[in-house]
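Visitor: Based on what follows, work out the 3D shape:
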Amino acid sequence: MPNEGGIYRNCPVMIYDSNSGTLIIRAVITAHYMSEMVIVVSDEMKEVERGTRLSLLIIYDGGVSECNGIARGFFDGTREITLFNERQREGRSATRHVLNASAVIRSLFVDSLRHPYQPPLEVVIENISSSGALIVTAVMEFDIDNVLELNTDIGGHSAALFAKVARKQVISDSVIGLGCYFIFPEQSAGE
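Guide: Sure thing, here's the model as predicted:
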């Protein structure tokens, strides 16, 4: 197939069984054939049967894409997946997926001013969707409308995301959850 670069090449992906919602694998996309709407992932999916319906969450620098797919052939230690737009949603605009991945906040933007963290602040992305994430932290200083510059590593690939705090929830005396939605990097410094 031509043009194996594609926008999703080398991006982390979480692949779920569409029927059960069970996480099958966290992997890295090794090729993306845009004209055929096909991605390729490593041999760790060899147990998945051809024709299995999948839900995918693809994290790329600046955002997250959610799409459905169907497992295709298994060739030379890789699995091809055809992507398509048909979606089943819960009662929200985007389906949440449990992630529980470590991340760091590199900077906090307040009133368009960047405040870098040295060293970066460690947090956990508890769940994620194509539109946002729930970030869990012990730092209580965040306010609604603050913008966070995040970095996370999934499947051996680092991704940078910008998220705006939409809500705060107290989890315990020393832990809060930040409900955030993703924004484009050019919006982060001055919306």
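Visitor: Helix or strand with the lowest mean pLDDT in the chain?
Guide: Of all helical and strand segments in the chain, the minimum by mean pLDDT, DSSP states H and E falls on helix 185-188, at a mean of 52.
Visitor: Figure out the helix or strand that the residue sitting nearest the centre point of the chain lives in.
Guide: Residue closest to the average C-alpha location in the chain (CA atoms, centre = their mean): Ile59, at 3.9 Å. Per DSSP states H and E: Ile59 is located in strand 53-60.
Visitor: For that strand, which outside residues touch it?
Guide: With contacts defined as CB atoms under 8 Å, 6 or more residues apart in numbering, strand 53-60 is touched by 7-8, 11-19, 21, 24, 29, 39, 48, 64-71, 81, 83, 95, 97, 128-130, 152, 154, 159, 161. (C-beta placed from N, C-alpha, C; glycine too.)
Visitor: Of the residues you listed, just the buried ones, PyMOL syntax please.
Guide: The command below creates a PyMOL selection of those among the contacts of strand 53-60 that count as buried (16 or more other CB atoms under 10 Å):
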select buried, resi 8+11+12+13+14+15+16+18+24+29+39+48+64+66+67+68+69+71+81+83+95+97+128+129+130+152+154+159+161
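Visitor: related to what we said a few turns ago, tell me the confidence at the residue nearest to the centre of the chain?
Guide: Each residue has a pLDDT score; the one for Ile59 is 82.
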